[in-house]
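**Student:** predicted structure and sequence below. I'll ask about it afterward.
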Amino acid sequence: MSGTDELPHDAYTERTDLLLGADVTAGLRDRHVFIAGLGGVGSYAAEAVARAGVGRMTLVDHDVVAPSNLNRQLVALRSTVQHPKTDVMAERIRDIDPGIAVTVRREFLNPDTVAELIPEDADYVLDAIDSIACKAALVAGAQARGVRVISAMGAGGRIDPRAVRVGPLDGTRVCPLARQMRKRLRRLDARLDYPVVFSIENPSKGTEHRPVDGPLGGRPRSVNGTISYLPALFGLTAAGEVIRSLIDR
């Protein structure tokens, strides 16, 4: 057995303890974060939440790693292509800390049932879903149950990390996805004052049109180009907001 195999499960929290205090870090072990979507945003968010020391996580994604994911997704390596994203992410988290209780749900997200996936004891919902209908349904469901929620808006079509912001959905500008989310949430009688990560950079328009994945299908949609660091920055920012909120609570 190597030295790393013999590490206590909390050995990696030393620097976090120095920053936050061991009692605060210990409190994070009792928190449960639900993350929907493990693409370029969600995968980085999930790992940041795990490395901060949150003790319970539920990860939801129906997809497998594709070659096109290699430019931006933490779960995407040549060795993981065609592997379920939930499995790859869960394995990474357990390799960081096997003491974290990780639940994976590999299923296609449906607007009619997505909110039902939120665990009863969830402390925070992190929405990194691509589908606007599912994003809105998840947010509305979390709000109805009194669970805090944060969403990532559009990271595609942008290259400027200095333009990333955090603020209420009803205070966003420029972002087309945020505009559509406001419309959807109004129809669901949901609040628009919850936090989102967004960019004030004008996005480049998509240049490809592909059919929507999954059993619900639909008409082809525009696909924006992406760069390696922007989705990661969105995910890390969202994770930071989650951790700060859990600490403040």
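**Tutor:** Great, that's in hand. Numbering: from 1, shown residues only.
**Student:** so residue 48, which of the three states?
**Tutor:** With DSSP: H, G, I helix; E, B strand; the rest coil as the basis, the three-state label of residue 48 is helix.
**Student:** and the residue nearest to it when sequence neighbours are not counted, how far from residue 68?
**Tutor:** Residue nearest to residue 48 in three dimensions, not counting chain neighbours: residue 239, with 3.6 Å by Cβ to Cβ, 6 or more residues apart in numbering. From N, CA and C alone the C-beta is placed, and that goes for glycine too. Separation of residue 239 from residue 68 (Cβ to Cβ, to the nearest Å) stands at 24 Å.
**Student:** quick one: residues contacting the residue nearest to the spatial centre of the chain.
**Tutor:** With the centre of the chain defined as its mean C-alpha position, the nearest residue by Cα atoms, centre = their mean is residue 42, 3.1 Å away. Taking Cβ atoms under 8 Å, 6 or more residues apart in numbering as the definition of contact, the neighbours of residue 42 are 35, 36, 61, 126, 128, 152, 235.
**Student:** same question, residue 238
**Tutor:** With contact set as Cβ under 8 Å, 6+ apart, residue 238 has these partners: 41, 45, 126, 128, 150, 152, 197.
**Student:** of those residues - the most surrounded one?
**Tutor:** Counting neighbours by other Cβ atoms under 10 Å, residue 41 leads the contacts of residue 238 with 34 neighbours.
**Student:** if we can go back for a sec, out of the contacts of residue 238, which are inside strands?
**Tutor:** The strands in this structure, assigned by DSSP state E, contain 126, 150, 152, 197 from the contacts of residue 238.
**Student:** format the residues you listed as a markdown table; extra columns: distance to residue 137.
**Tutor:** Formatted as a markdown table, the ones in strands among the contacts of residue 238 follow (distance: Cβ to Cβ, whole Å):
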| residue | distance to residue 137 |
| --- | --- |
| 126 | 15 |
| 150 | 16 |
| 152 | 16 |
| 197 | 19 |
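**Student:** buried sites along the longest helix seen in the chain?
**Tutor:** When the chain is scanned for its longest helix (criterion: DSSP state H), the result is helix 229-248. Taking 16 or more other Cβ atoms under 10 Å as the basis for neighbour counts, the residues of helix 229-248 that come out buried are 230-243, 246.
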